[in-house]
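Asks: what would the 3D arrangement of this be:
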Amino acid sequence: MEKKFFHSVTLNKDSCKGCTNCIKRCPTEAIRVQNGKAKILSDRCIDCGECIRVCPHHAKQATSDKLEVVLNQFSYAIALPAPSLYGQFNHLDSIDPVLNGLIAMGFDEVFEVSRAAELVSDATRRFLGCGTIRKPVISSACPTITRLIRVRFPDLLDHILPLLAPAELAARLAKQDASRKTGLAPDQIGTVFLSPCPAKVTSTKMTLGTRKSEIDAVVAIKDVYPRLLSHMKHQEIQAELSSSGRIGIGWGSSGGEAAAMFNERYLAADGIENCIRVLEDLEDDKLGELDFVELNSCPGGCVGGVLTVENPYIAKVKLKHLRQFLPVSCNRFTDEVPAFAQWDLPVEYEPVMELDADLGTAMEKMAKIDEITDCLPGLDCGSCGSPSCRSLAEDIVRGYTTKDACIFILKESMLSIAESLARLGRQDFHFHHDEESEGHSS
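Replies: Numbering: from 1, shown residues only. Modelled structure (predicted):
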């Protein structure tokens, strides 16, 4: 049976012009251009949103739940604001105006994801201290990075921190608290995550490390922003709702999670290309002196997600301003790290890049790819619809296309045909000319 995939990143073919911007940026080579339109390969896509970021025609889009629908969908709706949300607004000295604005919008309760982030930081410090995970330990907070490791760097799977992402942990804690307070059954309580990126939308449908997500809906920050801003402007009385410290709010931008380790033996990188370089170095055992690695696929961290509205580096400054008067942390586990905060399923290698399940056949195909690649111009121009000459060679071996997809080989073929036709034409001319000469002689 063919595996079914859910992806937040989708393609609007009517808007696609067949340019090659997206295929050059995709970190897993999950996009091809065929017949003048882009095509996303579902098994390879990791929902990083890079194609959305670079598409000049807005043909790539991120799907998420509609705010109006989710507010009426549940008996009791709980907003789960990502820390990156707070960096979208000007002149904030506290996050209480944001939380009160969410209540005014129609949510029954707010549970800050930054609270759960502080718990994850506490649990991570404990895991690093017990030495049960291979170091350097790689954060599991960014689902794009976890999926990237799963398809491109399987040797690093046992380095990934087996803890739930803060949004997922926040959903579980929020439902537990709300069920105790209201007496409602968990299925009557809806948790709505306000997300900065499409990968977090996908992670609730195709879960990693857990059988089922407790996040019931995901709404894009850019869809919440205008309505929330309006409610924030008309607030008269503000309840003190926030219970997060500097650590939790810091998770919204790159380096915030790593800094919470209180350990200088860490590395924090953001931007998908930078993260890939770090993963390659980890794979080559070049960073063995580190204890912890934080990787965010979006530039600047979660504030750089394609579902946000503010420039990521400006948002990062705003978060820094918000943190300066807060306590270091307001949340920690009093006892051992509970099981519900940890993975209940291992994340396994997804062999989407394999040429064949049979090793011998795969080796034969690899040799054929090498042979075809040597015949290609090596320009990696993308005009063929594949991201590189080598990926075109792979597509040829897989039977997806032919060598003539390369415009340089096609040009050579056409020139060769033209020369052959010209040569035949000259031969035909000489033949008829000779016949005419013989006729005149006789």
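
Asks: off-centre distance for stretch 219-238?
Replies: Relative to its chain's centre, stretch 219-238 lies at 26 Å (Cα atoms, centre = their mean, to the nearest Å).

Asks: alpha carbons only: can I get that stretch in PDB?
Replies: The C-alpha trace of stretch 219-238 is given here as PDB (Å, rounded to 0.1, in the frame of the first residue of the first chain):
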ATOM      1  CA  VAL A 219      -3.700  28.700  12.900                       C
ATOM      2  CA  ALA A 220      -1.000  30.700  11.100                       C
ATOM      3  CA  ILE A 221       0.400  33.700  13.100                       C
ATOM      4  CA  LYS A 222      -0.100  35.900  10.000                       C
ATOM      5  CA  ASP A 223      -3.800  35.000  10.000                       C
ATOM      6  CA  VAL A 224      -4.200  35.800  13.800                       C
ATOM      7  CA  TYR A 225      -2.100  39.000  13.700                       C
ATOM      8  CA  PRO A 226      -4.500  41.600  12.300                       C
ATOM      9  CA  ARG A 227      -7.500  40.500  14.400                       C
ATOM     10  CA  LEU A 228      -5.400  40.200  17.500                       C
ATOM     11  CA  LEU A 229      -3.800  43.600  17.000                       C
ATOM     12  CA  SER A 230      -7.200  45.200  16.800                       C
ATOM     13  CA  HIS A 231      -8.200  43.600  20.200                       C
ATOM     14  CA  MET A 232      -4.900  44.600  21.800                       C
ATOM     15  CA  LYS A 233      -5.500  48.300  20.900                       C
ATOM     16  CA  HIS A 234      -8.900  48.400  22.600                       C
ATOM     17  CA  GLN A 235      -7.900  46.800  25.900                       C
ATOM     18  CA  GLU A 236      -8.800  48.700  29.100                       C
ATOM     19  CA  ILE A 237      -8.200  46.200  31.900                       C
ATOM     20  CA  GLN A 238      -5.400  43.700  31.600                       C
END
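
Asks: the closest residue to Thr202 other than its chain neighbours - how many residues pack around it?
Replies: Leaving aside its sequence neighbours, Thr202 sits nearest to Asp47 (Cβ to Cβ, 6 or more residues apart in numbering; 4.4 Å). C-beta here means a position set from N, CA and C on the backbone, and glycine is covered the same way. Per other Cβ atoms under 10 Å, the neighbour tally for Asp47 reads 26.

Asks: what sits against Asp47?
Replies: By Cβ atoms under 8 Å, 6 or more residues apart in numbering, the contact list for Asp47 reads His7, Ser8, Val9, Pro143, Thr144, Arg147, Cys197, Pro198, Ala199, Val201, Thr202.

Asks: rerun at 7 Å
Replies: Contact analysis of Asp47 by Cβ atoms under 7 Å, 6 or more residues apart in numbering lists His7, Ser8, Val9, Thr144, Pro198, Ala199, Thr202.

Asks: cool, Gly301 as well?
Replies: Contacts of Gly301 by Cβ under 7 Å, 6+ apart are Gly252, Ser253, Ser254, Gly256, Asp270.

Asks: format the residues you listed as JSON lines; extra columns: secondary structure, distance to Tyr86 and neighbour count.
Replies: Listed next are these as JSON lines, based on DSSP: H, G, I helix; E, B strand; the rest coil; distance: Cβ to Cβ, whole Å; neighbours: other Cβ atoms under 10 Å:
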{"residue": "Gly252", "secondary structure": "coil", "distance to Tyr86": "7", "neighbour count": "31"}
{"residue": "Ser253", "secondary structure": "coil", "distance to Tyr86": "10", "neighbour count": "28"}
{"residue": "Ser254", "secondary structure": "coil", "distance to Tyr86": "16", "neighbour count": "25"}
{"residue": "Gly256", "secondary structure": "helix", "distance to Tyr86": "12", "neighbour count": "28"}
{"residue": "Asp270", "secondary structure": "strand", "distance to Tyr86": "18", "neighbour count": "23"}
